[in-house]
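Colleague: pasting a predicted model and its sequence here:
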Amino acid sequence: MLKQRVFTAVPMAAVFLAAAYWLPASALAAIFVVIIALGAWEWSQLAGLTHMRTKLLYVILVVACAGAMYRYAGDGQNFSREVVQPVVGLACLWWCFALLWVKSYPASAGLWNSRLARSLMGVLILVPAWFAAVYLLNVEARNAVMVVLVLIVAAADIGAYFSGKSFGRHALSPQVSPGKTWEGFWGGVLAVAILSVVIWSLLPERFNHLSLQAVLVVALVTAFASVLGDLTVSMVKRAGGVKDSSSLLPGHGGLLDRLDSLCAATPAFALGLLMVGF
């Protein structure tokens, strides 16, 4: 399974890096729309939508919400602090509620385990993540910023995998994801902390105002959010008796099984950059 995951992940990473460095922001934004549309299709099944027409309407709803957010930002021309910060701030507030639901699962299922509530959760997971990603495409050094975001999430995931496999004894959230351990979690934190030091040491001179403490805080909060995104989607899948959102990606499950961490991490990362004055 590990070999299959690597064979799938490496080409995906190569395609992402190539796109981040060579495609214009508008093309990347359009690609991200396609990605969240596919994610919405998978989420429609997790939400309990069964009819083809209903699933298509849900995908259209999610894409329409993304389009409305794009218009809110002046068709992508007005990604000012005043426009972006309320959106990513509210997105992070939503993830705080999700944290409470994960911690209290399965008791919390009574609050969100209806088709309507799960459908709304999908919108709140996918659309703000898309908006935050498009904002990141418009910041200075946007190529490097997008790569750093993915590296933070990957470091948290890889560090957690190997430390959990080697030392894991205590379940992080046994009711939601029995395979995740506190030892794995702290291994991921350590990996992200080391990555933060490397990133800070490589910052160009024009970013000298960013201290090591600021880089560490942004990276660690992003990593924490990525874990929460993973656990939240796992919680919904467990409530629905589903292991993977689909079988689209060999060794990884569905697209959502790869997007879940990024969906929570991207708004947190964007808010962190705004708060440290990037």
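Modeller: Everything's here; your move.

Colleague: in the helix or strand hosting Phe224, what's buried?
Modeller: Assigned by DSSP states H and E, Phe224 belongs to helix 212-239. Counting neighbours by 16 or more other C-beta atoms under 10 Å, one finds that the buried residues in helix 212-239 are 214-216, 218-239. Backbone N, C-alpha and C define where each C-beta goes, glycine included.

Colleague: now the helices for the stretch 151-278 of the chain?
Modeller: Assigned helices in the stretch 151-278 of the chain, in chain order: 182-202, 212-239, 255-275 (criterion: DSSP state H, counting those that start in this stretch).

Colleague: what angle do the first one and helix 212-239 make?
Modeller: Same thing as helix 182-202. Following axes from the mean of the first three to the mean of the last three C-alpha atoms, to 10 degrees, one obtains 140 degrees for the angle between helix 182-202 and helix 212-239.

Colleague: who's in contact with helix 182-202?
Modeller: With C-beta atoms under 8 Å, 6 or more residues apart in numbering as the test, helix 182-202 has contacts from 148, 151-152, 155-165, 167-172, 210, 212, 215-216, 219-220, 222-223, 227.

Colleague: thinking again about what came up before, so which of the helices of the stretch 151-278 of the chain gets nearest Val34?
Modeller: Using C-beta to C-beta as the criterion, the shortest distance between Val34 and those is 10.4 Å, found for helix 255-275.

Colleague: need the longest strand for this structure.
Modeller: In the chain, with assignment by DSSP state E, the single longest strand is strand 177-181.

Colleague: flag every buried residue along it.
Modeller: By neighbour count, and taking 16+ other C-beta under 10 Å as the criterion, the buried residues in strand 177-181 are Ser177, Lys180, Thr181.

Colleague: so, low pLDDT: which residues of the stretch 151-278 of the chain?
Modeller: Low-confidence segments of the stretch 151-278 of the chain, defined by pLDDT under 70: 243-254.

Colleague: state the distance from the closest residue to Phe162 other than its chain neighbours to Val221.
Modeller: Once flanking residues are discounted, Phe162 sits nearest to Gly187: 6.7 Å by C-beta to C-beta, 6 or more residues apart in numbering. With distances defined as C-beta to C-beta, to the nearest Å, the gap from Gly187 to Val221 amounts to 18 Å.

Colleague: now swap in Val148 and tell me
Modeller: Distance from Val148 to Val221, counting by C-beta to C-beta: 14 Å.

Colleague: same question for Ala155.
Modeller: Ala155 is 14 Å from Val221, by C-beta to C-beta.

Colleague: ok so, going back, so which of the buried residues of strand 177-181 is the closest to Asn143?
Modeller: Lys180 (31.7 Å).

Colleague: tell me the contacts of the nearest residue to Tyr72 once chain neighbours are set aside?
Modeller: If the residues on either side of it in the chain are set aside, Tyr72 comes closest to Val83, at 7.0 Å by C-beta to C-beta, 6+ apart. Taking C-beta under 8 Å, 6+ apart, we find Val83 in contact with Tyr72, Ala73, Gly74.
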